[in-house]
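1. the following block contains a protein sequence and its predicted model.
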Amino acid sequence: MSLPSPIPRPTDSRPTGQPATETTLEVVKLRKVFGGRGRREVVAVNDVSFSIRRGEVLGLVGESGSGKSTIARLIAHLYQPTAGEIRLNGAVVPNRLGSGALRQFRRHVQMIFQDPYASLNPLHPVGYTLSRPLKIHRLVRGDLQTQIAGLLERVGLSPAATYAAKRPFELSGGQRQRVGIARALAAQPELILADEPTSALDVSIRLDVMNLLLDLKDQEGLSMLFITHDLAGARYMSDRVAVLYAGTLVELGPAEEVIDRPQHPYTQLLKSAAPRPDAGPVSGEVPARGEVPDLGALPPGCPFEPRCPFAMPECRAGLPRLYDVGNGHQARCLLHDPEVMQRHSAP
Amino acid sequence: MNALNLGGLRRLFSQPRTVIGAGILIVLLLMGLFAPLLTRYDPNSLEFDSFLPLSVKHPLGTTAIGQDIFAQLLYGARLTLLVGAVAGLIATVLSVALGLTAAYLGGWVDEAINALINVFLVLPGLPLVIIASAFLRGGGIWPVILVISFTGWAWGARVLRSQALALRERDFVQAAVASGESSGRVIFMEILPNMSGLIAANFFGAALYAVLSEAGLSFIGVGDVSLVTWGTMLYWAQAKGALLQGAWWWIATPGLGIALLGTSFALLNFAIDELGNPRLGRAPAKPPRQGRVPASTPAPSDALLSVQHLEVGYVTRAGTVRAVRNVSLEVNPGEFVGLAGESGCGKSTLAFAATRLLDPPGAVLGGTVALNGRDLLALSPEELRQVRWKEFSLVFQASMNVLNPVLKVREQVYDAMQAHGIHDKKVLEARAEELFRLVGIRESALDAYPHQLSGGMKQRVVIAIALALEPRLIVMDEPTTALDVVVQRQILQEISEVRRRLGIAVVFITHDLSLLVEMSDRIAIMYAGEVVEQAPAHELYRQPAHPYTQQLMQAFPPMTGPRERRSGIPGRPPALSEQLTGCPFFARCAKRMPGICDVKPLETFTVSEAHTVACFLYDPAVPLATRTLALNAGTPPPAPAHPATEVNLESALPYSQTN
Amino acid sequence: MPYLLRKVVILVFTLWVAATLNFVLPRLVPGDPVSVMLAKYQGRLDPSAVDALKIAYGLNDLGSPVSQYFSYLGRLLHGDFGRSISLFPTPVTDVIGQALPYTLGLVGITTILSFVIGTALGLYSGWRRGQTGADALTPVSLFLSSMPYFWFALVMLYVFAFQLKWFPLSGALDPFPGAAFTAGWWSSLLRHAALPAFTILVTSVGGWLITMRNNVVSVASEDYLAFARAKGLTERRILSRYVLRNALLPSFTSFGMALGFVVGGSILTEIVFSYPGLGFYLYQAVVGLDYPLMQAIFFIIALAVLLANFAVDLINVLLDPRVREGRA
């Protein structure tokens, strides 16, 4: 079953004369369950919803097992969701896409991978790797080599001619990652899914890659999903931030709001655990024990409850909903439920 | 995994095994090809007397019915090689097709093909071939080839399927799919080329199997014995009682031919396997006995650990890569010393070399490492074994696979102590429980196997083991890098507390300077193999002297304060294989002094007590005016050009020593 | 235990495939064994005997091929393999019963021996890489395992039995060895088994050597080995608890499979030495177009292989803690 018509681009106007869509990506109650058929079921993504507007960067923060990479792969159509919807420029993306429609889809959504050492085919020169998206999506205009050179220059790999002939093992981690970025840009997408693009790089190189992504985003008007476990990085890159824990979205809001004034105990934990080089010598207890739970055996109710210093009996009853805490900031925590808090504060 | 690209082929043919294997194959091939030139006789003609002995006219005598054996040998080579090559090829094509299809399509297709593979693998080969051939009697060489191919593909299919499955999950394949590549191109352009080595090795394995099977079949008379192959020669020789007649050459030569052909296939198979798995090859040559720097007796000092003028390198075909250059470092009892630097700066090499865990081609080229006054580098293997773990221990990187997967954790905690004389079960158990309490793991983890523990727990076990004998020094190489940030913080706190309580000195190696500032007494910064600055932690933090340190302290996104743009350090560290004169940071330094920094040999200068820096901005020999100008100018350097050639450490080094 | 369940299912399935192959193959050949037998007895069988034979072989054309197939399977489950044609009227099971112990003895013991020797040498070769002796073992093993082993058997036979007369030329026992299991009987048995055993040993040791060597080399570069050395463990401890246990696991799986092939693996050796084991009789059966015997032997071989494999899978579960939880 394929899309009846090409996925609308933001500048297309609807037949009924409605204004062009401002939301590039909308993810509605996305759910992914692995396993079944004799193996244990693992709920990797549990009813996650968020949206990204045009030109916006949404930071998706979480530790291992949070489901952030799975979400990226779901949006990139590398996995199929078990339930929920993904909408691109307002149109729903069906779970099954024919090859033509799939190729169309890939023009709009591209991905940057985490490990620069694994994300480039070791046998192909950089030029070949970059030529593929151009050829697949029929974006070759004039001389292919010139276009490739242009891409390389835009990601800061200069002189382009020498880089195009190189193979990945001749490049450093930062350079390989830039090639990965160039590859994602080649298809001229509107949405870029950056899956921990700096985690495998040295600390001093991360900033350069992040700056590059920000510059490119501004120049191209891209929307970006920036996945990371580094809170500071998310703060640097993102307009809005979503925090994931064990497959569930626990906090969402403008970047400064969420990170400077976290409202969910897990986000607070993340913040207290994060290294703070600019704050100087600091010590202090991290207020929770335990580790990320086994996704195949999640506790009932709030997944963070076993480790939460503020846990209450109600937390086990069921998954709390997202509560509004002002300024477009939401937290999935009963601490923000006025009724529950009243019950607990009454002497 | 290396595939058969140009560099791979070159390495392949530099191995004696390949050369010999290929050589034998070529000789045999030529024998068959030029048979008409090498002998005048037709292998099937019956014109001669039977059982003639060796002579000039008949170099290998004649058969029982008067055929020239030498002619048969030469012509027989053709069919034997044909069977080997064709059956090998068909079997390989089947293996590749089925293995790849199963791996790529997955689901029920994979299950079905896998079941098929299992069935074929388990059905006994030779009997099956024999019986199948018996039912397909007569009819030339092709039934034999087909039967051999259809019974010989299963092993290859299993191996190739595993490899294809692993490749399918690799990021570059996923990236190709995400780019929009069609399935066909993903299989043929992304996956298959990366399997070329394995497929080639598989071909030779299948060819070997084919040649031996054909020989076996022919020998027992199954298949077409009117053809001339080395196998049928053996059949006739046996049937006509060659040995009883004393005509041993009739038996010996075709058999030897098969043996040589088989060996050549086996050699090539083995050599290609080694290419894909470089560890299997010959052990890297031990570097020549290191010449020591003349003043090799360690200068006396009170320090617990005293590294002086240490030079460590990797001896590769392309020359020696100096990974640690003239490093001097001291650790006092109970002190926490942080060692920070980017990847490739040599910090891990320093740790491994100092603890004598460096494997060839790594070698210590000069300098001393003294622990409690004894030069560690000069100890005999047995002395070293006794000192190990008792006086100093090591915590490896968190991503490494450091616990033996088949032993329970308990045994791995005990054996560290047992190796140093503690054998009383009660003592061992009490100590193990105490250690686990110290690092915050529940005691039941002792009876678990490593794969049952999470990353954080495994690392805690490793730290517990490191504490077992209460060493005076623990060297930790990126102990928390691969762990989640919360677990990382917990473990760092535990390390900090434990060492304060027990008074252990710690050397903590990391690329993340921010971790060190909070916990260290002193910090050393490494760049391109050199220690460029050393200072007490607070002072380094407040007044970093080296331009690299200064930039390093700014090169991260801020957690607090305004969300402003910051810049990293432009360019990247020089390749360790380069010859560097002067300061290695020169090309990227905002405060460089051309003519001084890139020319003078690097020295270390004192900034204040306990604060040293390897930077000419602090060199009293350089005029003050020049230095002040540079300090205040801070002009960013032009975009550095980097040489195109660089020794790729990963391909030259054994696994896990590229830092 | 889903792991073991799957293995049982595969076992039964493969056996069924083997049995079906056995049924299908002869029916692909034009003509039938009864005609062959008739030819052999030159028409001295009367028609009722012929009919009886046909019924005994399942060759009477009563019923469709499908019902024939099911009655064949039924008979198989009862262990009824029919009567041998070349050794008529001996029941096939008797023939197999006679031959099986010889094969099990000869090939079983030599396989175990060559595994032990090959693995030990492989450990040495892998652990002491860089030393001449250890390195030389590899090309030697490659040669030995690429050699056609029946040819090597012939050479051994020629040199040691024919020329030097140290060992007998054929058979498993002297014509009149005395009562079973007496000293004389044992001496005769061993003298006859010596050359075949040596041949099998020499030609199969190479494979184990190389497999073990490669495993050892892989394990030697693992991180847990470096950690073990860092702990200051003695070399003996490292070899026995860290290297051997990990390197042996994959070898052991292959060993299990090889044990299965014991029963059918040394056909050619038995032929060369005229050693009256299963392989030898299989050869006779092929030559004499003795289909029932052929099929029965093949089936027994397949059964042995499958059982051995299954046993190995069982033991794997015990030895490798990772497999126990289905994460091999």
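-> All right, it came through fine. Numbers count the residues shown, from 1 in each chain, chains lettered A, B, ... in the order given.

2. CA atoms for contacts and neighbours, from now on please.
-> OK.

3. which ones are touching the residue of the stretch 51-200 of chain C found nearest chain B?
-> Closest to chain B within the stretch 51-200 of chain C is C:Met147: 4.2 Å, counting by C-alpha to the nearest C-alpha. The contact partners of C:Met147, by C-alpha atoms under 8 Å, 6 or more residues apart in numbering or on different chains, come to B:Gly255, B:Leu256, B:Ile258, B:Ala259, B:Leu260, B:Gly262, B:Thr263, C:Thr203.

4. which residue ranges form the helices in the stretch 351-500 of chain B?
-> With DSSP state H, counting those that start in this stretch applied, the stretch 351-500 of chain B shows helices at B:381-387, B:409-418, B:425-439, B:455-467, B:485-502, listed in chain order.

5. show residues contacting the helix or strand bottoming out on mean pLDDT in chain A.
-> Lowest mean confidence among the helices and strands of chain A (mean pLDDT, DSSP states H and E): helix A:338-345, at a mean of 83. Residues outside helix A:338-345 that contact it (C-alpha under 8 Å, 6+ apart): A:Leu334, A:Leu335.

6. re earlier: single out the most deeply packed of the helices of the stretch 351-500 of chain B.
-> Of all these, helix B:455-467 has the most neighbours on average by mean count of other C-alpha atoms under 10 Å in any protein chain shown, namely a mean of 24.

7. now for it, which elements pack on it?
-> strand B:392-395, helix B:425-439, helix B:485-502 (3 or more C-alpha pairs under 8 Å, 6 or more residues apart in numbering or on different chains; DSSP states H and E).

8. show the subsequent helix or strand relative to the helix ranked longest in chain B.
-> Counting by DSSP state H, the longest helix found in chain B is helix B:69-105. Remark: after helix B:69-105, the chain's next helix or strand is helix B:107-122, criterion DSSP states H and E.

9. return the set of buried residues in that next one.
-> By neighbour count on 16 or more other C-alpha atoms under 10 Å in any protein chain shown, the buried set for helix B:107-122 is B:Asp110, B:Ile113, B:Asn114, B:Ile117, B:Asn118, B:Val119, B:Phe120, B:Leu121, B:Val122.

10. cool, and stretch A:332-339?
-> Buried, per 16+ other C-alpha under 10 Å, within stretch A:332-339: A:Arg332, A:Cys333, A:Leu334, A:Leu335, A:His336, A:Asp337.

11. so who does the last one touch?
-> Same thing as A:Asp337. So A:Asp337 contacts A:Tyr323 (C-alpha under 8 Å, 6+ apart).

12. phi, psi of it?
-> The phi and psi torsions at A:Asp337 (degrees, to the nearest 10) take the values phi -90, psi 110.

13. which stretches of the stretch 201-347 of chain A have low pLDDT?
-> Within the stretch 201-347 of chain A, the ranges that satisfy pLDDT under 70 run A:277-288, A:346-347.

14. what's the helix or strand for the residue of it found nearest chain C?
-> Of all residues in the stretch 201-347 of chain A, A:Gly296 sits closest to chain C, at 14.7 Å by C-alpha to the nearest C-alpha. In this assignment (DSSP H and E), A:Gly296 forms part of neither any helix nor any strand.

15. what sits against B:Val173?
-> Counting by C-alpha under 8 Å, 6+ apart, B:Val173 touches A:Ser119, A:Asn121, B:Leu167, B:Val186, B:Glu190, B:Ile191.

16. mind checking how far it is from A:Leu78?
-> The gap separating B:Val173 from A:Leu78 is 11 Å, by C-alpha to C-alpha, to the nearest Å.

17. for C:Val107, same thing?
-> 52 Å.

18. now swap in B:Leu126 and tell me
-> Using C-alpha to C-alpha, B:Leu126 is found at 44 Å from A:Leu78.

19. ok, now B:Gly21?
-> Computed as C-alpha to C-alpha, the B:Gly21 to A:Leu78 distance reads 44 Å.

20. which of the two has more residues huddled nearby?
-> With neighbours defined as other C-alpha atoms under 10 Å in any protein chain shown, B:Gly21 and A:Leu78 compare such that B:Gly21 has more, 22 against 15.

21. okay, domains of chain B per the record?
-> Per automatic domain parsing, the structural domains of chain B span B:6-43+B:70-280, B:305-526.

22. tell me how far the ends of the shortest one are from each other?
-> Spelled out, that is domain B:305-526. First-to-last residue span, domain B:305-526, C-alpha to C-alpha: 18 Å.

23. check the offset of that domain from the chain's centre.
-> Centroid separation for domain B:305-526 versus its chain: 22 Å, with C-alpha atoms, centre = their mean, to the nearest Å.

24. now it: mean pLDDT?
-> Average pLDDT, domain B:305-526: 89.

25. show me the contacts for B:Ala351.
-> B:Val475, B:Asp477.

26. in the stretch 151-300 of chain C, which residue sits closest to chain B?
-> In the stretch 151-300 of chain C, the residue that lies nearest chain B is C:Tyr224 (4.0 Å; C-alpha to the nearest C-alpha).

27. next structured bit after the helix or strand harbouring that residue?
-> If you go by DSSP H and E, C:Tyr224 is part of helix C:223-230. Using DSSP H and E, the next helix or strand after helix C:223-230 towards the C-terminus is helix C:235-237.

28. other SSEs contacting that next one?
-> Here helix C:235-237 touches no other helix or strand, going by 3+ C-alpha pairs under 8 Å, 6+ apart.

29. was I right about B:Ser149 contacting B:Ile90?
-> Yes. The pair B:Ser149 / B:Ile90 is scored as a contact, 5.9 Å apart, by C-alpha atoms under 8 Å.

30. mutual contacts of these two, please.
-> Contacts common to B:Ser149 and B:Ile90, judged by C-alpha under 8 Å, 6+ apart, are absent.

31. neighbour count for these two, which is higher?
-> Ranked by neighbour count (other C-alpha under 10 Å), B:Ser149 and B:Ile90 place B:Ser149 first, with 28 against 21.

32. now do the contacts for the more buried one.
-> So B:Ser149 contacts B:Ala87, B:Gly88, B:Ile90, B:Ala91, B:Ala210 (C-alpha under 8 Å, 6+ apart).
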